[in-house]
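Student: Just need the structure, nothing else, for what follows:
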Amino acid sequence: MVYRIHARLGVVAALAFAAVATAGSAQAQNLTTIGKAEVDPKRDRQVIDLRKSRGSVVGLRLRAADGKLVLSNVRVKFADGLVYDERRAITLLEGERTRPFALPDRKERFVDEIELFYERQANTADPSAIEVLAEQTSSGRSAERPAAPATGEVSQRPTSPKKTEAQPGEQVRSGDVLFGAARVGFGVDRDVIRVGAQVGKFQRVRLRVLENDIFINELKLVYADGTSDTLAVDALVDANSVTRWLKLTGDRFIQEIQLNYRSKPSFKGRARVEVFGEYAENWLGPDGEARKYNAGWSLIGSETAGFVGFDKGVIPVARNQGGFKKLRVTVLDRAITLDELRIVYENDKVDIIPVKARVDAGSTWGPFDLREQGRIKEIQARYRSRFIDPKATGKGAAIVEIWGAY
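Tutor: Numbers count the residues shown, from 1 in each chain. Just a heads-up that it's a prediction; the model follows:
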């Protein structure tokens, strides 16, 4: 009797083993390549966009098709909003693949992207080729991804980096005005850039990112009247680059800008995010709406000031029709030493304003009268941020603003 029970158990075990082996074989056969990417070894992370991949998945792995990669984390973003981190040390040699990721359940989901965090390899220029393998059911392989809502996806153009912290990017032209800036850390995923009411009404804005890459999930503009615009940018913006323009209605004052971005676990670096805007058509000018606010003063140009030595650069000036009778200089965040200003007009005439002054953060130098009243083309300045300033806001450079009055 005991023998028969053991025999039956043996048969059951054999059948169970066969079933497991068959399931394992079937599982291996269901692995499908849904994405490929070349990983830049000189960076420390990379995003693989999988929004166009076919079908839903119940499991994921990675395979090194070429080269070696040492991963510290793999972040998976699903279309339903779930974000999963496979946070462990993974060394992938050529031809090797990871074990299945320990996803929280085996629910059918569509993958939007995978972000790889890995060790930099400064001594090699050869990229590693990575494949994303998905475990899919028969129904999952043919599942249709839901149509994504329209977004304001950001594209970017590279700028020429410089050595100083304050101005590693190319000067932003085309009538831009720098009206907000912040140094953001990567330990959190949200920061706010305070703008304040009545600075101006802008018809479009764009960002300049310095010092570090940043992945912006969402950009939200909160207006002085309590309304807001949410721009779902969902894009990686490289260090020392400028995004494309994001259009606004141009009829409201911006109170603050809320940045929702991708944090970097255990990463202590920071990035500087600057916000530039182009005024609405009817804002500046002798008969413009700006004359009704700020006691008749209008912000017409702004830029950051370098730390090392005197920085002789150009402060971009907003599109204007001229007619300004006076200018003044306002300094934010950190004191500066101001040495000289040159006001260059459209007709190439120049007003040279000799200055030898320290201007503290939050204070103003001027106003001073202009000899010419034609359209201002640019302002050439000679200044530097003061390295030692106990009253400075944070560790960043000063922002130098030029205000004009008619």
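Student: use CA for all of it now, contacts and neighbours both
Tutor: Fine.
Student: Tell me if I'm right that Tyr406 and Pro286 touch.
Tutor: Yes. Counting by CA atoms under 8 Å, Pro286 is a contact partner of Tyr406 at 6.6 Å.
Student: Which neighbours do those two have in common?
Tutor: Gly323 (CA atoms under 8 Å, 6 or more residues apart in numbering).
Student: Next up, the contacts around the residue most central in space within the chain.
Tutor: Centroid-nearest residue in the chain, with CA atoms, centre = their mean: Ile214, separated by 3.9 Å. Going by CA under 8 Å, 6+ apart, Ile214 touches 236-239, 261-262, 271.
Student: switch to 6 Å and redo it
Tutor: Neighbouring residues of Ile214 by CA atoms under 6 Å, 6 or more residues apart in numbering: 236-237.
Student: do Arg183 as well
Tutor: Contacts of Arg183 by CA under 6 Å, 6+ apart are 271-272.
Student: That one bridge partners, please.
Tutor: Bridge pairing for Arg183 (DSSP bridges) gives the partners Arg272.
Student: Phe117: which element?
Tutor: In the assignment (DSSP states H and E), Phe117 maps to strand 111-118.
Student: What strands line up against that strand, and which way round?
Tutor: Paired strands of strand 111-118, with direction, are strand 45-49 (antiparallel), strand 69-78 (antiparallel) (DSSP bridges).
Student: how about it: buried residues?
Tutor: Buried residues in strand 111-118, counted by 16 or more other CA atoms under 10 Å: 111-118.
Student: Could you pull up the mean pLDDT of that strand?
Tutor: Averaged across strand 111-118, pLDDT comes to 88.
Student: Could you identify the helix or strand that succeeds that strand?
Tutor: Downstream of strand 111-118, the first helix or strand assigned by DSSP H and E is strand 128-135.
Student: how much distance is there from that following strand to the middle of the chain?
Tutor: 26 Å (CA atoms, centre = their mean, to the nearest Å).
Student: Past it, which element shows up next along the chain?
Tutor: helix 138-141.
Student: which SS state does Val355 fall under?
Tutor: Classification of Val355 using DSSP: H, G, I helix; E, B strand; the rest coil returns strand.
Student: in this structure, what secondary structure element scores lowest on mean pLDDT?
Tutor: Lowest mean confidence among the helices and strands of the chain (mean pLDDT, DSSP states H and E): helix 2-29, at a mean of 39.
Student: Can you name the element that comes right after that helix?
Tutor: According to DSSP H and E, the helix or strand after helix 2-29 is strand 31-39.
Student: neighbouring strands for that following strand, and are they parallel or not?
Tutor: Taking DSSP bridges as the criterion, strand 31-39 forms sheet pairs with strand 128-135 (antiparallel).
Student: can you list contacts of the strand it pairs with?
Tutor: 30-39, 57-67.
Student: CA atoms only for it - export them in CSV, please.
Tutor: Output of strand 128-135 as CSV, limited to C-alpha atoms (Å, rounded to 0.1, in the frame of the first residue of the first chain):
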residue,chain,number,x,y,z
SER,A,128,27.2,48.6,-25.8
ALA,A,129,24.2,47.2,-27.6
ILE,A,130,21.3,46.3,-25.3
GLU,A,131,18.1,44.4,-26.2
VAL,A,132,14.9,44.6,-24.2
LEU,A,133,13.3,41.1,-24.0
ALA,A,134,9.6,40.9,-23.1
GLU,A,135,7.7,37.9,-21.9
